[in-house]
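S.K.: No sequence on hand, only this structure:
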């Protein structure tokens, strides 16, 4: 990777981040000064932050879908009873023909 040649010849995808990190590391008095560049390079290699964000987005999507499905089941249960509860014209407890 640090050689500057990718698997198929050209420049590897993270080489620019590696160059920034190695330049910083060579000029730094303390290696911890280059933590941001190291994090960028490691993120480019492993995509850990990107994967974590994608998992969080997917979890939220699944949670919302489950909530909507639950609400849909409630509405379907009401419609299955055959009673117009949502409008308030007919009470759910008493039969429709009892008027």
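M.R.: Arrived safely. As the structure is a prediction and not an experimental result, all values here were calculated from the model.

S.K.: Which parts of the chain are helices?
M.R.: 15-27, 35-46, 48-81 (DSSP state H).

S.K.: Run through the neighbouring helices and strands of the helix or strand of the chain with the lowest mean pLDDT.
M.R.: When each helix and strand of the chain is scored by mean pLDDT, DSSP states H and E, helix 48-81 comes last, with a mean of 80. The contact analysis (3 or more CB pairs under 8 Å, 6 or more residues apart in numbering; DSSP states H and E) places helix 48-81 against helix 35-46. Placement of C-beta: from N, CA and C, glycine included.

S.K.: tell me the angle the helix it packs on makes with helix 15-27.
M.R.: With axes from the mean of the first three to the mean of the last three CA atoms, to 10 degrees as the basis, helix 35-46 and helix 15-27 are set at 150 degrees to each other.

S.K.: quick one on the thing from earlier: save the helices of the chain as JSON lines, and put in mean neighbour count and distance to residue 6 too.
M.R.: Below are those laid out as JSON lines (neighbours: other CB atoms under 10 Å; distance: least, CB to CB, whole Å):
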{"stretch": "helix 15-27", "mean neighbour count": "15", "distance to residue 6": "8"}
{"stretch": "helix 35-46", "mean neighbour count": "15", "distance to residue 6": "13"}
{"stretch": "helix 48-81", "mean neighbour count": "10", "distance to residue 6": "20"}
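
S.K.: want to try JSON lines for these, with distance to residue 8 as columns?
M.R.: Below are the helices of the chain laid out as JSON lines (distance: least, CB to CB, whole Å):
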{"stretch": "helix 15-27", "distance to residue 8": "13"}
{"stretch": "helix 35-46", "distance to residue 8": "17"}
{"stretch": "helix 48-81", "distance to residue 8": "23"}
